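Novice: kindly generate the corresponding structure for this input.
(2 chains)
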Amino acid sequence: MGDKIFRLYDTMSKQVKPLETREPGHLRFYACGPTVYSYAHIGNFRSFLTADLIVRTAKALDWKVTFVNNITDVGHLTGDDVADSEGEDKLEKALRSKEGESFNNVWELAEHYTAAFEQDWQRLNLQEPNVRPKATQHVRQQILAAEDLIEKGFAYETPTGVYYSVESFPKYGKLSGNTQENLRQAVREVVVDDNKRAQADFALWKKDDHHLMQWYSPFGWGFPGWHIECSVMAREYLGDTIDLHSGGEDNMFPHHECEIAQSEALTGKPFCNHWVHTRFLQVNGEKMSKSLGNFYTVRDLIAKGADPLAIRYALISGIYGKPLNFTDQGLRDAQANIERYRKADELVANVTKEGEDKLGATLEELYDQALDALANDLNTPVALAKALEGARLILREGEDLTIPSAASGKRFLDRINDLLGIVRSSYEMAEAPKPAAPQVDPQLIESKIAERAEAKKSKDFARADAIRTELDALGIELRDTPTGTEWVAKSSI
RNA sequence: GGUGCCGUGCCCAAGUGGCCUAAGGGGACGGUCUGCAAAACCGUUAUUCGGCGGUUCGAAUCCGCCCGGCACCUCCA
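Specialist: Numbering: from 1, shown residues only, chains lettered A, B, ... in the order given. All right, here's what the predicted structure looks like:
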């Protein structure tokens, strides 16, 4: 099994190629994490889910994985107005905004959103990274890197900061397909800083003694540039050359381009052998934006009654390299599928019938097909189709499911869950397991169900149906099963 | 202007030269089950792949042009 090939599209070479590890069977993987100035939205998580599926696939191939996902808790600049001079800090801006009013300072704000991010991460059932380093805890290394780059002739100091000289690194632009000539032309319209040698030069350190987050450096008070944190943290936890680096498509330029320039200038070695970028998520066929009102955070959707695993399912139902259209209908589709897995999972847990194993061989084959699909440029739709086919095979047996078949079924669901994370969450949810319908008292529901059972017993079906209709209006759906009546809260999504 | 991704049934979405008269899900319709429902299960639902040309024995898949969507080009995953 260890000889299976894991193919992924590589942005640098613009082709699908085998993911290779410098140390056989050990993947060193860095995924760019969030800037913690607000709650993560589902588009952020589409990108993190790509990383999660890569980790899961690699593990399923029996690789060892060292996975690093950073937290950017330094504000940097909003860049909406002036990019590299006096732009506004994102954390500072968030601190002043309405939702920021409850924080005493930027540090508390960053901590709050970091904790929220980690919670969302777990709710969507992503596997924990080996290291989740924070930019603020690596400022010293970032300063040292800036000094080192000056010494090596790749950077220079000005009255406003320390800048990387793009012209000193001829490969700059290779990842994103930009030429330095194009960048010169594009940048000229946006940025004006006469202290910089070339306008495309980017900051390693910003001098600013008014910034809410500032540190002392040989260059005076200030804060590090955005790109240097990833170069420093990737090197610290994964070494000079890493196997794989991922991020959203917007990270291609400038962020990853700058990382390459910094890291390779620092070490003289190749920085990364394989680049993966996730395409943006669209919502109802449009760009997700606050002004269009189609901007969803993970917690908003959960608060509206969406099952976290359904959100996960919906977000991985398209290939990472293509735009994916997220719709309410898509979320409901996902919900229906998640429920099927839950049903199958329940079914295999309670079996008493003796007999043959009728499912083992077929399920084994389906699992292999699902894994093959993921190993083939992370083809999640095919993997999900195979997984669902297996779940249906289990459900089809129903009451006839034998103990050996159920054991095979359980093994299948366990392995599918390790691979795709859609059967059950690895994390204990502190919140109520039954989402939505918080306004309905469960005791009331139970008493209504009991009342209805009496009515049914005395063949008063009109009364029974009336109770069912009554609860339905409250958002409670009844299901009569051989073992009694169950209820589910209807999702409001 | 430069650099990429994409356009498949009512909706979402695989497939990227023959196994495609196009996977899978949702929806709809029919059936099993049920007092009736719901859930689950079974079945039906694209001779066609944005448009027009071309290459080829053969194209949704390759090439050209056109139309449409998305992204990046200094800090939004």
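
Novice: poorly predicted segments of the stretch 151-300 of chain A, please.
Specialist: Within the stretch 151-300 of chain A, the ranges that satisfy pLDDT under 70 run A:185-192, A:291.

Novice: show me what residue of it gets nearest to RNA strand B.
Specialist: residue A:248 (1.3 Å; CB to the nearest atom of the strand). From N, CA and C alone the C-beta is placed, and that goes for glycine too.

Novice: list the contacts for the closest residue to residue A:42 other than its chain neighbours?
Specialist: Taking CB to CB, 6 or more residues apart in numbering, and ignoring the residues beside it in sequence, residue A:42 has residue A:296 as its nearest neighbour in space, at 5.0 Å. Residues in contact with residue A:296 (CB atoms under 8 Å, 6 or more residues apart in numbering) are A:41, A:42, A:283, A:288, A:326.

Novice: check the gap between the residue of the stretch 151-300 of chain A closest to RNA strand B and residue A:478 for me.
Specialist: Residue A:248 sits 43 Å away from residue A:478 when distances are taken as CB to CB, to the nearest Å.

Novice: cool, residue A:462 as well?
Specialist: Distance from residue A:462 to residue A:478, counting by CB to CB: 16 Å.

Novice: the more surrounded of these two?
Specialist: residue A:478 (18 against 8; other CB atoms under 10 Å).

Novice: in its sheet, what does the strand or helix carrying that one sit against?
Specialist: Here residue A:478, judged by DSSP states H and E, is contained in strand A:476-481. Taking DSSP bridges as the criterion, strand A:476-481 forms sheet pairs with strand A:484-489 (antiparallel).

Novice: what is the neighbour count of residue A:387?
Specialist: Neighbours of residue A:387 (other CB under 10 Å): 27.

Novice: quick one, phi psi at it?
Specialist: Reported as degrees, to the nearest 10, the phi and psi values for residue A:387 are phi -60, psi -40.

Novice: swap in residue A:119?
Specialist: Residue A:119 has phi and psi values of phi -70, psi -50 when expressed as degrees, to the nearest 10.

Novice: do stretch A:330-344 and RNA strand B meet?
Specialist: Yes. On the criterion CB under 7 Å from any atom of the strand, stretch A:330-344 is in touch with RNA strand B at A:330, A:332, A:333, A:336, A:337, A:339, A:340, A:343.

Novice: just give me the closest of these to residue A:456.
Specialist: Taking CB to CB as the measure, residue A:456 lies nearest residue A:343 of those, at 23.5 Å.

Novice: intersect the contacts of residue A:296 with the contacts of RNA strand B.
Specialist: Okay, of those touching RNA strand B (CB under 7 Å from any atom of the strand), that's A:41, A:288.

Novice: inside helices: which ones of the contacts of residue A:296?
Specialist: Among the contacts of residue A:296, the residues falling in helices (DSSP state H) are residue A:42.

Novice: for the contacts of residue A:296, give me JSON lines that also has neighbour count.
Specialist: Below are the contacts of residue A:296 laid out as JSON lines (neighbours: other CB atoms under 10 Å):
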{"residue": "A:41", "neighbour count": "21"}
{"residue": "A:42", "neighbour count": "25"}
{"residue": "A:283", "neighbour count": "22"}
{"residue": "A:288", "neighbour count": "17"}
{"residue": "A:326", "neighbour count": "25"}
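
Novice: quick one: the helix or strand hosting residue A:454 to chain centroid distance?
Specialist: Assessed by DSSP H and E, residue A:454 sits inside helix A:442-457. A distance of 42 Å separates the centroid of the chain from that of helix A:442-457, by CA atoms, centre = their mean, to the nearest Å.

Novice: what helices and strands are in contact with it?
Specialist: Judged by 3 or more CB pairs under 8 Å, 6 or more residues apart in numbering; DSSP states H and E, the packing partners of helix A:442-457 are helix A:461-473, strand A:476-481, strand A:484-489.

Novice: tell me which other helices or strands the longest one touches.
Specialist: Contact here means 3+ CB pairs under 8 Å, 6+ apart; on that basis helix A:461-473 packs against helix A:442-457, strand A:476-481.

Novice: so residue A:46 touches residue A:277, yeah?
Specialist: No. Taking CB atoms under 8 Å as the definition, residue A:46 is not a contact partner of residue A:277, at 11.4 Å.

Novice: who has more neighbours out of these two?
Specialist: Using other CB under 10 Å, the more surrounded residue of residue A:46 and residue A:277 is residue A:277, with 24 against 21.

Novice: on that earlier part again, could I get the helices and strands packed on helix A:442-457 as TSV with distance to RNA strand B and mean pLDDT?
Specialist: As requested, the helices and strands packed on helix A:442-457 are arranged in TSV below (distance: least, CB to the nearest atom of the strand, whole Å; pLDDT from 0 to 100):
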stretch	distance to RNA strand B	mean pLDDT
helix A:461-473	3	88
strand A:476-481	3	85
strand A:484-489	7	83
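
Novice: can you get me a residue count around the closest residue in space to residue A:25 that isn't next to it in sequence?
Specialist: Of all residues not flanking residue A:25 in the chain, residue A:63 sits nearest, at 5.2 Å (CB to CB, 6+ apart). Residues within reach of residue A:63, counting by other CB under 10 Å, total 20.

Novice: from what I see, residue A:63 and residue A:21 are in contact.
Specialist: Yes. At 7.1 Å, residue A:63 counts as touching residue A:21 under the criterion of CB under 8 Å.

Novice: can I get the lengthiest helix in chain A in CSV? Just the C-alpha atoms.
Specialist: With DSSP H setting the assignment, residue counts place helix A:328-349 as the longest helix in chain A. What follows is helix A:328-349, C-alpha atoms only, in CSV (Å, rounded to 0.1, in the frame of the first residue of the first chain):
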residue,chain,number,x,y,z
ASP,A,328,-28.6,26.7,0.6
GLN,A,329,-29.9,23.8,-1.5
GLY,A,330,-26.4,22.4,-1.6
LEU,A,331,-26.2,22.5,2.2
ARG,A,332,-29.6,20.7,2.4
ASP,A,333,-28.3,18.1,-0.1
ALA,A,334,-25.3,17.5,2.1
GLN,A,335,-27.5,17.3,5.2
ALA,A,336,-29.5,14.5,3.6
ASN,A,337,-26.3,12.5,2.9
ILE,A,338,-24.9,13.0,6.3
GLU,A,339,-28.0,11.6,7.8
ARG,A,340,-27.6,8.5,5.7
TYR,A,341,-24.2,7.9,7.1
ARG,A,342,-25.6,8.4,10.6
LYS,A,343,-28.3,5.8,9.9
ALA,A,344,-25.8,3.3,8.6
ASP,A,345,-23.6,4.0,11.6
GLU,A,346,-26.5,3.2,13.9
LEU,A,347,-27.5,0.2,12.0
VAL,A,348,-24.1,-1.6,12.2
ALA,A,349,-24.0,-0.9,16.0
